[in-house]
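*Asks:* dropping the sequence and predicted coords here.
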Amino acid sequence: MIRIFALTPTGRTLAERLCGLYPEAQFEYKPKPFADKVQQAFIQQDQLLFICATGIVMRTLAPVLQDKHQDPPVLVLDEAGQFVIPLLSGHEGGANNWAAQVAEMLGAQLVMTTAKPYVNPTYTLGMGCERHCPLSYLESLMLETLQQQGLTPQDIHSLNSIDVKADETQLIALAEKYQWPFQTYSAEQLMPMEPLLSTRSEYVFNTVGVYGVAESAALLAAQKATDSEPELVVNKIKNAKATCALSRGFGQTK
């Protein structure tokens, strides 16, 4: 859920304009008690947009901040609607993309403070599956993964897995259906991605030699495609027969 907070009459006018752009959003003007309302919304993982000073937002959220992998996206706008700042969870939580969308809608300037330049990312999928997994299980899981980030198959650079899946017929069929390259990597190639994994499975390691096939393959493919440090966009999700993860890199696509 998107929640918009404003503290001034001018900010209220901008908030009402934003509610027209996001009909599903909930708007609160000078809520009381302010800290309790904001912190509760943050804890329940709402997307937060503030029209007020950045310092107010940071002091209010400080007691409930966790880390970039768990905090929801937070944007701050000035009351004139001239600047949009992705304050928290820029890459991991999608605040950068959301801020770019808001800036475009308002004709505002996007103010990026993250280390990486705001360039078009290259998205890569990683998948693992049981032997002879049906295409329907693979495709539905892939589409669910993309939906979490509002992406389409056309946004994807490649489908990737471990080399023991190089002959997995339905992974090959999935890549062919969406006209993606299907790339596989050895356990030795995938192992350097271990520090970036969201979870580590001893069972998977004992079976194929890496702690996670889907995440490792997606990360390595993004790294190779862009020559940049990759990051997970969607941590591994799974159904009864397959796993899927989404990664991205920033830079010139090879």
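*Replies:* All right, it came through fine.
*Asks:* and the contacts of whatever helix or strand Asn206 lives in?
*Replies:* According to DSSP states H and E, Asn206 maps onto helix 202-208. The contact list for helix 202-208 (C-beta atoms under 8 Å, 6 or more residues apart in numbering) reads Gly128, Ile162, Val164, Ala187, Val210, Tyr211, Gly212, Val213. Using the backbone N, CA and C atoms, a C-beta is placed for each residue, glycine as well.
*Asks:* in this structure, which spans are helices?
*Replies:* Using DSSP state H, the helices of the chain run over 9-21, 34-43, 54-61, 95-106, 135-147, 169-177, 187-190, 202-208, 213-226.
*Asks:* now tell me what touches the fifth one from outside.
*Replies:* Contacts with helix 135-147, where a contact means C-beta under 8 Å, 6+ apart, come from 125, 127, 129, 152-153, 155-156, 170-171, 173-174, 177, 234, 237-246.
*Asks:* may I have that helix as CSV, with CA atoms only?
*Replies:* Once non-C-alpha atoms are left out, helix 135-147 reads as follows in CSV (Å, rounded to 0.1, in the frame of the first residue of the first chain):
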residue,chain,number,x,y,z
LEU,A,135,7.0,-26.0,-18.5
SER,A,136,3.8,-24.7,-16.7
TYR,A,137,5.6,-24.8,-13.3
LEU,A,138,8.6,-22.8,-14.7
GLU,A,139,6.5,-20.3,-16.6
SER,A,140,4.1,-19.5,-13.8
LEU,A,141,6.9,-19.0,-11.4
MET,A,142,8.9,-16.8,-13.8
LEU,A,143,5.8,-14.6,-14.4
GLU,A,144,5.2,-14.3,-10.6
THR,A,145,8.8,-13.2,-10.2
LEU,A,146,8.6,-10.5,-12.8
GLN,A,147,5.2,-9.3,-11.5
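*Asks:* dump the C-alpha coordinates for the helix holding Asn206 into CSV.
*Replies:* In CSV, the C-alpha atoms belonging to helix 202-208 read as follows (Å, rounded to 0.1, in the frame of the first residue of the first chain):
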residue,chain,number,x,y,z
GLU,A,202,23.1,-27.0,2.6
TYR,A,203,20.9,-29.5,0.8
VAL,A,204,21.5,-27.7,-2.5
PHE,A,205,25.2,-27.4,-1.8
ASN,A,206,25.5,-31.1,-1.1
THR,A,207,23.6,-31.9,-4.3
VAL,A,208,25.2,-29.5,-6.9
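*Asks:* mind listing what's buried along it?
*Replies:* Across helix 202-208, burial judged by 16 or more other C-beta atoms under 10 Å covers Val204, Val208.
*Asks:* how many neighbouring residues does the closest residue to Gln189 other than its chain neighbours have?
*Replies:* Nearest non-adjacent residue to Gln189, counting by C-beta to C-beta, 6 or more residues apart in numbering: Leu220, 6.4 Å away. Neighbourhood size, Leu220 [other C-beta atoms under 10 Å]: 23.
*Asks:* you'd agree Leu220 is up against Ala187?
*Replies:* No: Leu220 is beyond contact range of Ala187, at 11.2 Å (criterion: C-beta atoms under 8 Å).
*Asks:* coming back round to it: inside strands: which ones of the contacts of helix 202-208?
*Replies:* Among those, the ones falling in strands (DSSP state E) are Gly128, Ile162.
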